[in-house]
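K.L.:
I need the structure of the sequence given here:
(2 chains)
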Amino acid sequence: MSIMIDKQTIDYTKEIFKKLESEVKLYLFTTKMHCLYCNEVEKLIDIISSLSNLIKVIKCECEIDSIEARKFGIDKHPAIVLHGKEEYNIRYFGIPGGYEYGVLIEDIVDVSLGKTDLSKEIVDSLYKINKPIHIQVFVTPTCPYCPIAARMAHKFAIINKNIKADVIEAIEFPNLARKYNVFAVPKIIINEIIEIEGAVPEKFFLNKILEALEKSE
Amino acid sequence: MNMSFFISSQSMYDIVIIGGGPAGLTAGIYASSLGLKTLIIEGESPPRITLATKINNYPGFPEGISGIELLNKIKKQALSYGVEIIKGNVSSLNLIGPIKNVIVRNKNITCKAIILAIGIKSTELKIEGEDKFIGLGLSYCVVCDGPLFKNKRVLLIGSGEEAIEDALFLSNLASEVFFIALEKINEEQINLLKNNGIKILEGVKLKAIKGEKIVQKVLLEKIDGKEELLDIDGIFIVTREIPLMKILSKAGLEIEGNYIKVNNKQETNIEGVYAAGDCTGGGAQVVIAAGEGAKAAINAAAYIKKLDKIPILWKK
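P.N.:
This is a model prediction of the structure:
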């Protein structure tokens, strides 16, 4: 598969990147072993990083038991971790293609600014979370609903570092998709105990996180 | 890749109205007259008003008027205000956030506010097991969920061009694609499906979807009344009467009974999404539908005015 981004998209991405303030670090984890789109993700990240001087790429061609991968909790490839104004737990597993390209670009802006467009009410509630939350959002590149769920999970992780938010391209990780019965996307799993299907309003999503916390106790 | 992957980059309407009945068209008149760029998406099937041979209680027509005639008059008025009208079935929606998406035949339409004037449908397939297996192997969105069925056996039941296109899309992914046509398909379509390895199941009716936790089988009834089980991993329903309520519910909209829940401003539980007409349970009266359409448009216009003061991409 070759990576092609048309000129209009490149120009639009550059325009969006004018909003960047702090340096953004994209940690890219690839492997030569059984990785469907590692090469393509690397090419894509190279293109994206060439569009702004504020984007730095740190590449690690390493297995999941390496020190670097363990430091970031990387258990599958390809993986992208986004750090910006601060070090966030925002990760992307698989190729951010199709509708997911926009998710990555808009995530880059948010981590650079260190803020989101979430309402004050939601932000205040998120601040209060003091236990680990792991959100997994399963997506496909052709799904128009998916960016909403993916972005919301990542925004939550920007607000509170107790939240780790993974967006997972379901087709590349069939075993995980099978494990969580992913037959429709987006599908959101919170702390392995709460499942949500579809893009949901931010308050609903937050309530499900709080429900997961209650059930985890 | 192309620009459609940026939600914020599309040619954008202020308001998209889904439904071309009295509520939708009246909303269109009001939205356009308030200077908003407005699109109405008419469903493939005619609205219920067209079934009324004579409406005697709509103000201004003391002699009564037929449903079709009244609808045509309202439509003419909407067009005169500059409303754009297209025909098509909505296959998916993204309602959350300041920019919303409506997918019609794989075309992505973006807007700031949506008015749902979808009426009430009485012709859903009503297949046993349909509700139970949504998201567990049953899907209404082939482009979203089709890729999850790579190298699997799937059944597509549907009607119209879209069903044919979607079956062809699936044939590139799934190991086997079975197709049940709900309407007669022509020779050219049959050849197209067969040439792409799609197995057309003729003379059968889909009676039930079965499985323990996920879709595993479908029960088919043949013309002679005999029943047969077919092993499948997924089922896609692509009909002219896509059960919009189910799609809306998946998109986060609050549904109460068979109706969309609204407040007295026609607002739903999602910001920027309004509903009007029969779909809100307004009593199936044309005048009420038109009134709710007007109210929804006025309130949506106020919402857009407020929204336009805030940069769309990164609202602070």
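K.L.:
Now tell me which helix or strand of chain B has the poorest mean pLDDT.
P.N.:
Lowest by mean pLDDT, DSSP states H and E among the helices and strands of chain B is helix B:244-250, with a mean of 74.
K.L.:
in that helix, what counts as buried?
P.N.:
B:244-248, B:250 (16 or more other CB atoms under 10 Å in any protein chain shown). Glycine gets a C-beta too; all of them are placed from N, C-alpha and C.
K.L.:
what's the following helix or strand after that helix?
P.N.:
strand B:255-256 (DSSP states H and E).
K.L.:
about what we covered before: which helices and strands does the least confident helix or strand of chain B pack with?
P.N.:
strand B:90-94, strand B:255-256 (3 or more CB pairs under 8 Å, 6 or more residues apart in numbering or on different chains; DSSP states H and E).
K.L.:
Where among these is average confidence lowest?
P.N.:
Confidence, taken as mean pLDDT, is least for strand B:90-94 of those (a mean of 79).
K.L.:
For chain A, which segments count as helices?
P.N.:
A:7-17, A:38-49, A:67-72, A:99-113, A:120-127, A:146-159, A:174-179, A:202-216 (DSSP state H).
K.L.:
need those helices in JSON lines with distance to chain B, can you?
P.N.:
Shown next, in JSON lines, are the helices of chain A (distance: least, CB to the nearest CB, whole Å):
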{"stretch": "helix A:7-17", "distance to chain B": "5"}
{"stretch": "helix A:38-49", "distance to chain B": "9"}
{"stretch": "helix A:67-72", "distance to chain B": "26"}
{"stretch": "helix A:99-113", "distance to chain B": "5"}
{"stretch": "helix A:120-127", "distance to chain B": "11"}
{"stretch": "helix A:146-159", "distance to chain B": "5"}
{"stretch": "helix A:174-179", "distance to chain B": "7"}
{"stretch": "helix A:202-216", "distance to chain B": "7"}
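K.L.:
Need the winner for burial among these.
P.N.:
helix A:146-159 (a mean of 26; mean count of other CB atoms under 10 Å in any protein chain shown).
K.L.:
about what we covered before: which stretch among the helices of chain A comes nearest residue B:114?
P.N.:
Using CB to CB as the measure, helix A:146-159 is the one of these that comes nearest residue B:114, at 14.1 Å.
K.L.:
In terms of pLDDT, where does the residue of chain A most remote from its centre sit?
P.N.:
Centroid-distance maximum for chain A: residue A:217 at 26.4 Å, with CA atoms, centre = their mean. As predicted, residue A:217 sits at a pLDDT of 75.
K.L.:
Tell me the spacing between it and residue A:191.
P.N.:
Plainly put, residue A:217 is 11 Å away from residue A:191 if you go by CB to CB, to the nearest Å.
K.L.:
ok, now residue B:154?
P.N.:
Counting by CB to CB - residue B:154 and residue A:191 are separated by 32 Å.
K.L.:
can you check residue A:143 too?
P.N.:
23 Å.
K.L.:
out of the two, which sits in the busier spot?
P.N.:
With neighbours defined as other CB atoms under 10 Å in any protein chain shown, residue A:143 and residue A:191 compare such that residue A:143 has more, 29 against 18.
K.L.:
Just confirm that one contacts residue A:186, I think it does.
P.N.:
Yes: look at residue A:143 against residue A:186 with CB atoms under 8 Å: they come within range, at 6.7 Å.
K.L.:
List the contacts of residue A:183.
P.N.:
B:135-139, B:145, B:148, B:214-215, B:234 (CB atoms under 8 Å, 6 or more residues apart in numbering or on different chains).
K.L.:
Just the pLDDT for it.
P.N.:
pLDDT, residue A:183: 91.
K.L.:
Repeat that for residue B:208.
P.N.:
For residue B:208, pLDDT reads 95.
K.L.:
can you tell me if the helix or strand containing residue B:108 touches chain A.
P.N.:
Assigned by DSSP H and E, residue B:108 falls within strand B:107-116. Yes: judged by CB under 8 Å from any CB of the partner chain, strand B:107-116 comes into contact with chain A through residue B:108.
K.L.:
and that strand, what's its mean pLDDT?
P.N.:
On average, strand B:107-116 scores 89.
K.L.:
Stretch A:3-23 now?
P.N.:
In the prediction, stretch A:3-23 has an average pLDDT of 89.
K.L.:
next one: stretch B:235-242
P.N.:
Here the average pLDDT along stretch B:235-242 is 74.
K.L.:
ok, now stretch B:62-81?
P.N.:
The model assigns stretch B:62-81 a mean pLDDT of 92.
K.L.:
Check stretch A:100-117 too.
P.N.:
So the average pLDDT for stretch A:100-117 ends up being 94.
K.L.:
and stretch A:200-214, how far out from the chain's middle?
P.N.:
18 Å (CA atoms, centre = their mean, to the nearest Å).
K.L.:
try stretch B:83-96
P.N.:
The answer for stretch B:83-96 is 7 Å, by CA atoms, centre = their mean.
K.L.:
No more questions from me, cheers.
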